[in-house]
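In: Next input, structure requested:
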Amino acid sequence: MAEEKYPKDLFLESIDRCMAKDDFITEFFHRFISSSEEVRKKFKYTDLSHLSWMLVRSVRIASGAIDGNPAALNELRQRAESHDRHHLNIEPKLYDLWLEAFVETAREHDPLWTEEIESAWRGILAHFINVMARHY
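Out: Numbers count the residues shown, from 1 in each chain. Down below sits the predicted model:
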């Protein structure tokens, strides 16, 4: 009988499998930036190599914040502030496009993808998005 895993564990293991593929982040950004004209405009002058590091950091923060890790919660609040209407001005509606692009790309890159893993991704990233949107 297989050991039941927590959503956070499923998510982190999946992230690791995806990150093992050289083109994962590149394909995610291509999919996300292509998702709308508004997203294209937001990223027109963005250094995607720097943003790649930030993306991986963000998803790891999200998984820590789920458990109430104080350092992760603090960093998530800082990330939310940097993206609010007074700074980067990332409107909450754009996070839905981000989520879909991320999940679709992970589905293609994680060879062990299941509905349970997708549910873990969506649940953890929904928490992240909710915090970001509340601070907008």
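In: now for the helix or strand of the chain with the lowest mean pLDDT, which elements pack on it?
Out: Lowest on mean pLDDT, DSSP states H and E among the helices and strands of the chain sits helix 48-66, with a mean of 85. On a contact count with 3 or more CB pairs under 8 Å, 6 or more residues apart in numbering; DSSP states H and E, helix 48-66 meets helix 7-19, helix 24-33, helix 70-82, helix 115-134. In short, each C-beta sits where N, CA and C put it, glycine included.
In: Those helices: which one's closest to H50?
Out: Proximity to H50 (CB to CB) singles out helix 24-33 among the helices and strands packed on helix 48-66, at 11.6 Å.
In: If you count contacts, what does the following helix or strand past that closest one end up packed against?
Out: Counting by DSSP states H and E, the next helix or strand C-terminal to helix 24-33 is helix 37-42. In terms of contacts (3+ CB pairs under 8 Å, 6+ apart), helix 37-42 is packed against helix 24-33, helix 93-109.
In: could I get the ones you listed as a markdown table with distance to H127 and mean neighbour count?
Out: Formatted as a markdown table, these follow (distance: least, CB to CB, whole Å; neighbours: other CB atoms under 10 Å):
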| stretch | distance to H127 | mean neighbour count |
| --- | --- | --- |
| helix 24-33 | 19 | 18 |
| helix 93-109 | 11 | 17 |
